[in-house]
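> Got a predicted model here, sequence first, then my questions.
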Amino acid sequence: MSTFIPTIGLEVHAQLSTETKLFCRCKNQFGQKPNHSTCPVCLGMPGALPTLNQRAIEFATRAGLALGCDIQITSVFSRKNYFYPDLPKGYQISQYDKPICLGGGLDTELGRVRLTRIHVEEDAGKLLHGDSKANQSEGSLVDLNRAGVPLIEIVSEPDISSPEQAVAYLKKLRTILRYIGVCDGNMEEGSLRCDANVSVRPEGETKLRTRAEIKNINSFRFVQKAIEFEIARQTEIYKQGGEVLQETRLFNTDKMATFSMRSKEEANDYRYFPEPDLQPLVLSQAFIADISASMPELPDDRKQRYMQTYQLSEYDAGVITAEKEISDFFEASIERYQTDDIKKIKKLTNTLSSEVLRIVKETNTPIDRIQISPADLAETMKLIDAGTISGKIAKELLDKIAQTGLAPMQIIEKEGWKQESDPDALKKIAQAIIDANPEQKQQYLAGKDKLFGFFVGQVMKETKGQANPSLINEILKELLQH
């Protein structure tokens, strides 16, 4: 039985985080009342003329630079002609044969994925079908708030060889776009959508076979499941002696299966021609240089800096830099911690990764919206360093901060969590416990080392768990020898 090898290419549509749409001044804002953010331009009224949004071009250039593309001095907008109810003009203004960015690529842990191009285009509107949450009627409704929103389409080469690599590529791409501030990456809101082109061929065959395109997948999990299903579907067709059709398919998230939408169009079906109402887009070298100079630190660069400066492991640095908000929280926490001690910074990193991110996950709240601030984390670490609280209490403290929003010391005083770190006071308590348990002392001195834990437990019980554990250990080791 032949083994079939998958070949996958992704087309990612990223909505640009501009204040206004691509060719008019309507607000580019999710969640507005249906058809509230529209004008004659984005409604396709006769005689309405487009005016290009410069900010969108800046963002597209920034994305191209971040992904190693060649920025084209001259690019051209074209009309992509097709009829669909959510496309009021009957055509989409896009870029075709002369896009703004060519080439480039992105490295993932599962291999490099080359890019073909990045081009700028306007989004279509949105159909709200009957029985959906947004439309309880029998028919379909059209919301044109999204019509004209600026997009970049990032087209990969067919370099992806597994569903897992597709997800790794998409996650890395989303992270980069968020770091450079051009797209919020919110897949649930449609800010980042993915089309997957999938084909399979027998092992040993070099020529690519017919591909099917799966449209508008909007989560990492669904990308993986859709590609897995499509690989299995096409493989089974070939094993049965059939032929895969070139078509556009949709992914049903309830059945976890793709289904046919329409036969796949070729470029000539869209009758592309240059947009007559827009001049060719010509960028100056100075414009590109200015964008390049203003580029923020990219996630891979930040990860390497953390590994070198703070001696974090590759894994820990990867966790911290996986999301820009987490990395920003980490940076702000270190700034407020005010220490160059590598051990202390590693301890802060572990607390952030294990406790703060646990709270983020459990509450399903982004790290920039939880009630724990970088200042709270830094203060918690300082309290541990000073012996005011133990590491165990720190976990409870962070939970309380997340629940109440109160300052660390307010909670410590309210809960009575202040750790006893007075050596003289602890020495008196420890001596009294040793004196009250002479038999256990003799057994310990005779070599029964486990009894040391008994004495530690008795001191912690006497102090209601508020004794400084490391200090107690030191005191007991000294007193038990006398």
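Everything's here; your move. Residues are numbered from 1 along each chain as shown.
> model confidence over the longest helix seen in the chain, on average?
Ordering each helix of the chain by length in residues (DSSP state H) puts helix 220-239 first. For helix 220-239, mean pLDDT rounds to 96.
> Just the endpoints, please. Distance across stretch 150-163?
28 Å (Cα to Cα, to the nearest Å).
> re earlier: next secondary structure element downstream of the longest helix of the chain?
For helix 220-239, the succeeding helix or strand toward the C-terminus, using DSSP states H and E, is strand 247-252.
> Report the mean confidence score over that following strand.
So the average pLDDT for strand 247-252 ends up being 93.
> Give me the buried positions along the helix or strand that that strand is followed by.
Going down the chain from strand 247-252, the next helix or strand is strand 257-263, by DSSP H and E. Across strand 257-263, burial judged by 16 or more other Cβ atoms under 10 Å covers 257-258. All C-beta atoms are positioned from the backbone trio N, CA, C, and that covers glycine.
> just checking, what packs against strand 257-263?
Here strand 257-263 touches strand 212-217, helix 220-239, strand 247-252, going by 3 or more Cβ pairs under 8 Å, 6 or more residues apart in numbering; DSSP states H and E.
> Give the burial count for residue 240, as a bare number.
Residues lying near residue 240 (other Cβ atoms under 10 Å) number 7.
> so what's the residue lying closest to residue 214 once chain neighbours are set aside bridging to?
Nearest non-adjacent residue to residue 214, counting by Cβ to Cβ, 6 or more residues apart in numbering: residue 196, 4.6 Å away. Listed by DSSP bridges, the beta-bridge partners for residue 196 are residue 10, residue 214.
> My read is that residue 196 contacts residue 230, right?
Yes: counting by Cβ atoms under 8 Å, residue 230 is a contact partner of residue 196 at 7.4 Å.
> tell me, what's touching the two both at once?
Residues touching both residue 196 and residue 230 by Cβ atoms under 8 Å, 6 or more residues apart in numbering: residue 214.
> who are the neighbours in contact with the residue nearest to residue 214?
8-11, 166, 213-214, 217, 223, 226-227, 230.
> mind redoing it with 10 Å?
Contact partners of residue 196, counting by Cβ atoms under 10 Å, 6 or more residues apart in numbering, are 8-12, 160, 163, 166, 170, 211-215, 217, 223-224, 226-227, 230, 249, 251, 258.
> Could you measure from it over to residue 16?
The spacing between residue 196 and residue 16, counted by Cβ to Cβ, to the nearest Å, is 22 Å.
> Pull the number of nearby residues for the closest residue in space to residue 306 that isn't next to it in sequence.
Spatial nearest neighbour of residue 306, excluding adjacent residues (Cβ to Cβ, 6+ apart): residue 317 at 4.2 Å. Around residue 317 there are 23 other residues, counting by other Cβ under 10 Å.
> close enough to count as contact, residue 317 and residue 302?
Yes: the criterion here is Cβ atoms under 10 Å, and residue 317 meets it with residue 302 at 8.2 Å.
> Pull up the overlap in contacts between the two.
Between them, residue 317 and residue 302 share the contacting residues 327, 330, judged by Cβ under 10 Å, 6+ apart.
> Which elements pack onto the one helix or strand residue 300 maps to?
Per DSSP H and E, residue 300 falls inside helix 299-309. Where contact means 3 or more Cβ pairs under 10 Å, 6 or more residues apart in numbering; DSSP states H and E, helix 299-309 is packed against helix 163-179, helix 314-321, helix 324-337, helix 342-351.
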